[in-house]
Each structure stands twice: as structure tokens, then as C-alpha cells.
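**Q** need a 3D model of the following:
(chains A and B)
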Amino acid sequence: MENQIKSNFEKIISKLNFSNLQKEIKVKNINNFLKKGFPNKRLEDWKFSDLKQIISNNFEDLNFLNEINTELKKVEIIEELEANKLIFVNGVLSNVDFKYENLEKIEIEKNADLNEEINQNALLNLNSAFISNYLKVTIKTGYQFKKPLVLYNYLTEELNSSGINTRLDLDIENDVALDIVNVSNKSSNKNFLNFRQKINIGQNSILKNYSLDINQTDSIKYMHKEINLSKNSHLEYFILSAGSKFLKHDINCSLNSEYGSISLNGIINLKNDQHHEIKTVINHNEENCKSYQLIKSVLSDDSKGVYQGKIFVDPKAQKTDGYQLSRALLLNENVEFNAKPELEIYADDVKCSHGSTSGNIDENSIFYLMSRGLSYSDSKKLLTNGFLNEVIEKITNENIKSFVKKITGIEV
Amino acid sequence: MLSIENLKAKIDEKEILKGLNLNIKPGEVHAIMGPNGSGKSTLSNILSGKKGYEVNGNIKFEGENLLELETEERAHKGIFLAFQYPLEIPGVNTNTFLKTSINAIKKARGEKELDAIEFLKLIKQKSSELKFDQAILNRQLNVGFSGGEKKKNEILQMSILNPKLSILDETDSGLDIDALRIVSEGVNSLRNKDNSFLIITHYQRLLDYIKPDFVHVLKNGQIIKSGNFELAKELEKVGYENFN
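**A** Predicted structure coming up:
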């Protein structure tokens, strides 16, 4: 498979017009990737999700070809949510629609240059090697969005490449408020998708990011996010992980100045042989910052869920308040759930806690509901919906909250 | 309405009920009193269909073999158990639960389900009758409720569902005097010639407010004596240990 990837790379690099510097960076990245290959379970970060194995089980051949730009005439996903849109079709930016906003406050650079930093993460190397147009969006100081921004990742049936890499950098300046929704379409394709997003949140700015994996697909996905928070900024991050065959959210947040705060909440809701992982690292690098994480999983059939969460507290980060809780509901004896909560604390005046529980549905609660006339399956559904509803209630954008309740059928 | 014949029940090889007989006619209020471990809660669990017991004997409810029915079918037919320890159901709004419950029962009976407006009207009426703070109904079911609020919530559910046979499993335990009065008034307001009650309790206190037609003493898995309200008073005086 690696040879195939190497020859795909050589074809792309000779065909596309990259500057010599860009070529050089891409070559370094591909070499790094080829040296390491897809991450496997011997790496601590991948011990519960052996991507190398998953790739070889799902793809005989993984190719990375250059996709052409296709503009979508009609977007049939989440039309009911009034929103701005950035649409990536087969990994390539196709539609840009900020019709609700003041365009002077939004700067879009469609073919941004890679810088020279070489990452240790092989999948990010792969991403840097293959992305053909890397998008940078800047939101100018003081701008408050009127409607959310939806980032669609759309795959069409005519897709040639089985591997897709996309990258978006978002620079949010000071005093900005922005709500983002990440979604992808329902597709019969089986692809490997490697998403990368790098986000800076400026002083006093608020970013709400709702990452919704709701449509059934056989695709294998890796979503890497790096989010940096400035003074007095706030990040609300919500994950609904339910649609893809395999999905790993790799979320890395850094609180780089005082009074930053993060509320990160997630749902893993799986059936059949789905396998999803949420991995978070929250770096408390300065004083007086707060982070809160709540992850709830419901696993049915033969599915597998993983949560790895780390809170790092720098020696400088006194008065840190860090909280993390994972709870899992196991509905079948064949499911597997792994949790690895970690605290790494170098400051002495901090408040940090973590917890993890997993268990079966409570039969006494089922009996209580059945004694009020509900069938066994309705009782079970009400209990699991109630269990997950606690996470949905953390969403502070009311329109998006009711949208999420509607698509999940969780209205309790 | 309900007839229990030679009911025996085991859990984990331990025999708890050892041949219990009881007949309840429409409109009657029966109280069962007994010491800890006498089998009171087992009886109420078996009547509402809790799994995990090995049961022998006959139970007929309105002529039907009750033991063949699932828990929810018993609820559809009009059996209600007010739990000794009502369960906390996180994430589920109390109102949503009440509406789901009443409509599940209506649907099973082939009756028209309540829409949001009809439901709210019913809730408003019932909660004001029971002096139940309606704000509580917007909270998660029983989560963070005080002991008294949980028990009152059970009585509210009972009065909304209007069952034929209500079983109250130690509903009086942990209640203060005011809550006890409210609970009793809830029961008394549902009393009529068709509705029957089985009240399980340790103490006479609740019975002072409800005034049962019959009192039975349950000891060692059997009803050892039956009588009228006077029996409860006697029991309170003598104590369970010396009562034979």
C-alpha cells in the first residue's frame, strides 16, 4: 500500500504547480509518512484503535488521486438550518456562501502555503503531502456572526480517489463570536478521510463548534483539530459521533493565556461493528483557566467505543479548574469500551478531577418505566435517550440544540 | 377484582412467600402490615410483574391469569404500583415521562391519546388537587427530588393514570406529617366503588388517614391474621414480635 501512495504522490507533485519550497515541504512530509506508515496499536495514542489494521481490513488498495473541482447545484443536507456554508466536494473546496454576513469581515485564502514545521503525527504528514488547496479563513476583530457556519464534507459517487485529505485553518481575531457545524453527507462510498483543522481563538472571542457525524457511511475517518485559545476566550465543543464506520476525533486544545475556558461534550452512539474514538488533550498553559469535559457513550451490537482524555497542567498554570467525566452504557455483551483518563499536573494550586464509569442499563429503572405502561424496548429507549440528553442539554445554541434533538430523535 | 391463592415465591432459592391468600373486591381498601423481611415488598413486586422470582400459585385479576402478563400489560389493565423507592431517571423530563406513560396506557386500551393541551390541562388539575408544585414537573424524573417529593410524584402518577388496583408499597415511609396528609388525601380522592387499594405499611399512622376496610398481618411469608381497622391498633400496641 505504501508504494501505491508513493507513486500517487510523485504523480501529483509533478502535475500540480507548486513552488520549489512547497514541493520540498511536501516531499519531507511524504517521506516522514512513508517512514512511519499508518499508526498502529503499538503507539500509545492508538492502542485502542489500530488504524493500520483498520485500513488494511477495509482497503485492498488506498490511492490518493487529484480530484477535480465540482460545484454542487443542490445541497440536500440540513437545509432546515439557516446557515452560511463552506462546502468541500470530494475534499476540494467548491462552494463558499456567506450570504448572511458582512463579507468585509471575512477573509478567505484558497491556496494557502504550508509552512515548514514538520509534525510528528504521520497522518498530518500525509495530509500536508497531499492537500492541493489548503484553505485559510480569517474572521476580523469585533465581528459577531449572525448565523452559524456549516462546513460540509461532501462525497459524490463519481469520486476517483479512495483517500481524501482536507485542511482548513481558521483564524478568529479578537472579540468575535462564531458558531460552526461540521457535517458530512450520507454516502455509499468507502473512503479514508483525513481532516485537519487548525483554529486560533483571539482575545474575548467565543467559538462554538458542533461536530456532527450523523450519516451512515462505510468510510474510515480521522479528524484532527488543534485549537489555541487566547486570553478570556471561550470554546464550546460538541461531538455527536454516530454515523461512520470508523471515526477518531483527535482534539488538542491549548489554553495559552489567562481566563480561557473550554466546555467539551461528546456523544458516541454506535451499533453494528462501528468503532469510534474521542481523544482529547487539554493543555492548561496559563493561570486561571477552566476546562470541562463530559463524554457519554451508548454501545449496541458489536460496536467499540474509546475515550482517551488528558488534562495537562503547566507549572505556570495555577488556579486551574479541570474536570473530566466519561460514562458508558453497554447494551450488549459483545461491545467493548475503553477509557483512559489522564491528569498530568505540574502546578500545586489546581482543582482537577476525572472519572469514568461503564455499565449495563439498570433493570430496576426498566421495571419502573414498564410498571407505568411502557414496553421493554420503549423503556430502554427512554433511558438511553435520557442518558444522552444530558450531553445535548449542554449545547447553548438553541437552534442547533433542537436540530440535534430532531436528528437524533432524542426529545425527552 | 384480585384473588391470590396459595402464592409462593422464591428468590435465589430463598422462600419468601409461603402460601399467601388474599381477595380484594372492587372498591375495597386493604392494608397489609408486617415486620421487615416478612415479604411485603416481594408481594407488591410480584403483583406488578418484576422479574427474578420463582413464583407458584394463582393470581387472578378481573378473571385473568395475572402471572402470564408482562409488567406493562398489567399497567394497561389498571394495576399501579407506587414504589417504595421511586427510581431516578436522569435526562428524562418528568412531564415527558408522564405523557409517555398515560399515552402508552391509552393506546394499549384503544383510547384516544392525549394531545399536549389536553395533557397540560390534566396535569394542572391533578397537581393543584395534590398541592404539588408544578415547577417540579419540568425537572428530570425524580432526580434531586426530596423523599417527600418522590412519594408525592408517585401519587400524582397514580391519580393521572386512575388505576383500578393501586398498590402502595410503604409510601408513608420517610414522609413528614404534611406530606403524609397530602398522600392520604390523594388516595382518598381516588376511592370509589370501582377502585381498590392494597396498602403496604409498617405503621398504623397512614391508616389513620386512609381508614382501610380490611387489615392483614403478614408474617413469615403468610397472612397470619385478618380483621378490620381495630387490628392495626392492636398491632401497634403489641408489636409484631409478640403478635401471634
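**Q** next up, phi/psi of the residue lying closest to A:Glu236 once chain neighbours are set aside, please.
**A** Distance criterion C-beta to C-beta, 6 or more residues apart in numbering or on different chains; nearest residue to A:Glu236, sequence neighbours excluded, is A:Lys208 at 4.3 Å. (Each C-beta comes from the backbone N, C-alpha and C, glycine too.) A:Lys208 has phi and psi values of phi -110, psi 120 when expressed as degrees, to the nearest 10.
**Q** local confidence estimate at the residue of chain A most remote from its centre?
**A** Seen from the C-alpha centroid of chain A, the residue lying at the greatest distance (C-alpha atoms, centre = their mean) is A:Ser371, 40.9 Å away. pLDDT recorded at A:Ser371 is 97.
**Q** B:Val238 too?
**A** B:Val238 is assigned 81 on the pLDDT scale.
**Q** show me what contacts the closest residue to chain B within the stretch 101-250 of chain A?
**A** The stretch 101-250 of chain A approaches chain B most closely through A:Leu240 (15.3 Å), counting by C-beta to the nearest C-beta. For A:Leu240, the contact set (C-beta atoms under 8 Å, 6 or more residues apart in numbering or on different chains) comprises A:Tyr210, A:Ser211, A:Leu212, A:Asp213, A:Ile214, A:Gly266, A:Ile267, A:Asn269, A:Val404, A:Thr408.
**Q** show me the contacts for the first one.
**A** When contacts are counted by C-beta under 8 Å, 6+ apart, A:Tyr210 touches A:Asp179, A:Ile180, A:Val181, A:Asn182, A:Phe238, A:Leu240, A:Ile395, A:Asn397, A:Ile400, A:Val404.
**Q** residue 126 in helix, strand or coil?
**A** No chain in the question, so chain A it is. Following DSSP: H, G, I helix; E, B strand; the rest coil, A:Leu126 is assigned to helix.
**Q** can you look at chain B instead?
**A** Look at B:Lys126: counting by three-state DSSP, its state is helix.
**Q** pLDDT (mean, whole number) over stretch B:2-9?
**A** Stretch B:2-9 shows a mean pLDDT of 94.
**Q** what's the answer for stretch A:168-175, then?
**A** Computed over stretch A:168-175, the average pLDDT equals 97.
**Q** residues of it that come out buried?
**A** A:Leu168, A:Asp169, A:Leu170, A:Asp171, A:Ile172, A:Glu173, A:Asn174, A:Asp175 (16 or more other C-beta atoms under 10 Å in any protein chain shown).
**Q** what sits closest to the fourth one if chain neighbours are left out?
**A** Think A:Asp171. Among residues not flanking A:Asp171 along the chain, A:Thr138 sits closest, at 4.4 Å (C-beta to C-beta, 6+ apart).
**Q** residues contacting the one you found?
**A** Counting by C-beta under 8 Å, 6+ apart, A:Thr138 touches A:Ile106, A:Glu107, A:Ile108, A:Glu109, A:Leu170, A:Asp171, A:Glu173.
**Q** just A:Ile30 next, same as before
**A** A:Ile30 makes contacts with A:Ile5, A:Lys6, A:Phe9, A:Asn125, A:Leu126, A:Ala129, as judged by C-beta under 8 Å, 6+ apart.
**Q** next structured bit after whichever strand or helix holds it?
**A** For A:Ile30, the host element (DSSP states H and E) is helix A:20-36. Sequence-wise, the next helix or strand downstream of helix A:20-36 (DSSP H and E) is helix A:51-58.
**Q** re earlier: which ones among the contacts of A:Tyr210 map onto helices?
**A** A:Ile400, A:Val404 (DSSP state H).
**Q** only the buried subset of the contacts of A:Tyr210, as a ChimeraX command please.
**A** In ChimeraX, a selection of the buried entries from the contacts of A:Tyr210 looks like this (16+ other C-beta under 10 Å):
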select /A:179,180,181,182,238,240,395,397,400,404
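**Q** pull the most distant pair out of the contacts of A:Tyr210.
**A** A:Asp179 and A:Leu240 (15.0 Å; C-beta to C-beta).
**Q** and B:Asn138, its phi and psi?
**A** According to degrees, to the nearest 10, B:Asn138 has phi -90, psi 0.
**Q** residues near it, how many?
**A** By the measure other C-beta atoms under 10 Å in any protein chain shown, the count of residues near B:Asn138 is 10.
**Q** before we move on, the earlier item: go through the contacts of A:Leu240 and name the one nearest A:Asn57.
**A** A:Asp213 (20.0 Å).
**Q** A:Ser241 is in contact with that closest one, correct?
**A** Yes. A:Asp213 is within contact range of A:Ser241, at 5.0 Å (criterion: C-beta atoms under 8 Å).
**Q** what strand or helix carries the closest residue to chain A within chain B?
**A** Residue nearest to chain A within chain B (C-beta to the nearest C-beta): B:Gly91, separated by 3.1 Å. Under the criterion DSSP H and E, no helix or strand holds B:Gly91.
**Q** which residues touch it?
**A** Neighbour list for B:Gly91: A:Asn385, A:Gly386, A:Phe387, A:Leu388, A:Asn389, A:Glu390, A:Glu393, A:Val412, B:Gln140 [criterion: C-beta under 8 Å, 6+ apart].
**Q** quick check, pLDDT for B:Gly19.
**A** As predicted, B:Gly19 sits at a pLDDT of 92.
**Q** give me the number of residues near it?
**A** When counting by other C-beta under 10 Å, one arrives at 14 neighbours for B:Gly19.
**Q** kindly report the same for the one 3 residues further on.
**A** Neighbour count for B:Leu22, taken as other C-beta under 10 Å: 20.
**Q** quick one: is stretch B:136-155 near chain A?
**A** Yes. Counting by C-beta under 8 Å from any C-beta of the partner chain, contacts between stretch B:136-155 and chain A involve B:Gln140, B:Leu141.
**Q** just the element for the residue of chain A found nearest chain B, please.
**A** Nearest residue of chain A to chain B: A:Gly386, at 3.1 Å (C-beta to the nearest C-beta). Here A:Gly386 sits within helix A:376-392, counting by DSSP H and E.
**Q** now do the phi/psi pair for A:His284.
**A** Torsion angles, degrees, to the nearest 10, at A:His284: phi -90, psi 100.
**Q** ok, and the closest non-adjacent residue to A:Leu155?
**A** Spatial nearest neighbour of A:Leu155, excluding adjacent residues (C-beta to C-beta, 6+ apart): A:Ser187 at 4.5 Å.
**Q** try B:Glu73
**A** According to C-beta to C-beta, 6+ apart, the nearest residue to B:Glu73 is B:Ala108 (7.6 Å).
**Q** burial count for that neighbour?
**A** 15.
**Q** ok, it - contacts?
**A** By C-beta under 8 Å, 6+ apart, the contact list for B:Ala108 reads A:Gly373, B:Glu72, B:Glu73, B:His76.
**Q** burial count for the last one?
**A** Look at B:His76: counted by other C-beta under 10 Å, it has 17 neighbours.
**Q** do you know how far it is from A:Phe64?
**A** Separation of B:His76 from A:Phe64 (C-beta to C-beta, to the nearest Å): 59 Å.
**Q** residues contacting the helix or strand bottoming out on mean pLDDT in chain B, please?
**A** Lowest mean confidence among the helices and strands of chain B (mean pLDDT, DSSP states H and E): helix B:229-238, at a mean of 84. Helix B:229-238 is contacted by residues B:Ala31, B:Met33, B:Tyr203, B:Gln204, B:Leu207, B:Lys211, B:Pro212, B:Val215, B:Val217, B:Lys225, B:Phe243 when judged by C-beta under 8 Å, 6+ apart.
**Q** swap in stretch A:124-135?
**A** Contacts to stretch A:124-135, defined as C-beta under 8 Å, 6+ apart, come from residues A:5, A:8-9, A:12, A:16, A:25-27, A:29-30, A:32-33, A:36, A:64, A:66, A:86, A:92-93, A:108-114, A:118-119, A:163, A:165-169, A:194, A:196, A:224.
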